[in-house]
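1. With the input below, show me the fold.
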Amino acid sequence: MQDALRGASYHRLVTHLALEAHGVSKRYGERDALCGVDLLVPPGTIHGLLGPNGAGKTTLMRVLLGLVRCDGGTIRLLGDARSSFGQPLPAGVAGLVDAPAFYPYLSGQANLELLSRLDDAGPCHVDDVLRRVDLSAHAGAKVGHYSAGMRQRLGIAAALLRSPRLLFLDEPTSSLDPASARIVRDLARECAGQGTAVVLSSHHMLELEELCSDLTVLNRGRVLYSGAVETLRARAPASMHRLHTSDDREAYAMAIAYPGMMVMAPAEGGLDLSASLETVDRFVIALGRAGIAVRTLERRERSLESLFLELTETAV
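-> Below is the predicted model of the structure:
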């Protein structure tokens, strides 16, 4: 009975997944670009693909979009099983992978209108998508005169023409200034809020931590972690505190013997304490009782970036 219930639960999950990929593999010569990657993304979420350059993020997106033939695995996009390389994408699937290319002698608006006709994307929403990526004022300008960031936003606008329910964005903020990057992040949130599943790759931990509810960490084509951001955060090093006292030498001697605390003495002075907030509170009280004054105490939050570096640097 329990097995039947688990099966029914899994069936409901699969039915409602925007993206389901199992065991996706790709090999170039002697190099494994992807090694049995699994990826499950429900509608209305932003799923981050995180990894250093060369981790396999772009290759995975190319495989999922049918731009590269995979060597193994199964893929379903919006419930549609992908059975062959080069198969047309289901309606509602769109993506931006690598740097977008446009006719430089045509305006941004003319490029999008042409793409809409070639793709047979239905009613043309060029004015609307240009507004959403903040390019309305430059719609009539030739793309050859666009900056790299403007071309990147035009590429996102082209993807939005398909009214996507599954949207792939590969390093979408890599060439953008801070204001443009904020537009793209807000747009990803807007799409997810409207029920679109967004798969967004980056090598910037802080960007994905801000946007995503779930992460898949890749390195050398292998999945090092896949799950909720909050679960990964719980694995991050404990909060770090930078402490300066009236007698750092004696404070260090007390800290190394204090239960539940790790301590380092940075070259620039002071102490770095790794412990729970409650343990630090008790230690500060102990310092006061020992006649050691606390001059500064700065809290540094759990570092997902440190954990990411640890995962990717130690992975084989």
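2. now the helices for the stretch 101-250 of the chain?
-> With helices called from DSSP state H, counting those that start in this stretch, the stretch 101-250 of the chain shows them at 108-119, 126-132, 148-160, 178-193, 205-211, 229-235, 248-256.
3. just checking, what packs against the first one?
-> So that's helix 108-119. helix 126-132, helix 148-160 (3 or more C-beta pairs under 8 Å, 6 or more residues apart in numbering; DSSP states H and E). All C-beta spots, glycine's among them, are computed from the backbone N, C-alpha and C.
4. Go ahead and name everything in contact with that helix.
-> 102-103, 106, 121, 124, 126-127, 129-130, 135, 138-141, 143, 146, 150, 154, 157-158, 161-162 (C-beta atoms under 8 Å, 6 or more residues apart in numbering).
5. what residues are up against the most centrally placed residue in the chain?
-> Among the residues of the chain, the one closest to the centroid is Gly48, at 2.8 Å (C-alpha atoms, centre = their mean). Contacts of Gly48 were listed using C-beta under 8 Å, 6+ apart, and they are Leu200, Ser201, Ser202, Leu208, Leu211, Cys212, Asp214, Leu215, Thr216, Val229.
6. that older thread, would you tell me which one of the helices of the stretch 101-250 of the chain is buried the most?
-> Ranked by mean neighbour count under mean count of other C-beta atoms under 10 Å, the helices of the stretch 101-250 of the chain are led by helix 148-160, which reaches a mean of 22.
7. Could I get the full set of strands for the chain?
-> Per DSSP state E, the chain has strands spanning 19-28, 31-41, 46-50, 72-77, 80-81, 93-96, 166-170, 197-202, 214-219, 222-228, 240-245, 262-264, 271-274, 294-300. These are given in chain order.
8. Out of these, which gets the lowest mean score?
-> Of all those, mean pLDDT reaches its minimum on strand 262-264 (a mean of 81).
9. buried sites along that strand?
-> Val263 (16 or more other C-beta atoms under 10 Å).
10. who's in contact with it?
-> By C-beta under 8 Å, 6+ apart, strand 262-264 touches Tyr252, Ala255, Ile256, Leu271, Asp272, Leu273, Ser274, Ala275.
11. what does stretch 135-154 give?
-> Against stretch 135-154 from outside (C-beta under 8 Å, 6+ apart): 96, 99-100, 102-109, 111-112, 126-127, 130, 133-134, 157, 172, 174-177, 180, 183-184.
12. Just the pLDDT for Ala8.
-> If you check Ala8, the pLDDT there is 38.
13. again with Ala4
-> pLDDT at Ala4 comes out at 37.
14. My read is that Gly288 contacts Val294, right?
-> Yes. If you go by C-beta atoms under 8 Å, Gly288 and Val294 touch, sitting 7.3 Å apart.
15. These two: which is more packed in?
-> Val294 (15 against 11; other C-beta atoms under 10 Å).
16. Next, the contact list for that one, please.
-> Contacts for Val294 (C-beta under 8 Å, 6+ apart) come out as Leu243, His244, Thr245, Val284, Leu287, Gly288.
17. count of neighbours near the first one?
-> Summarising burial for Leu243: neighbours were counted as other C-beta under 10 Å, giving 22.
18. contacting residues for it?
-> With C-beta under 8 Å, 6+ apart, Leu243 has these contacts: Ala251, Gly270, Leu271, Asp272, Leu273, Val294, Thr296, Leu297, Glu298.
19. Just give the closest residue to it, not the sequence neighbours.
-> Among residues not flanking Leu243 along the chain, Leu271 sits closest, at 4.6 Å (C-beta to C-beta, 6 or more residues apart in numbering).
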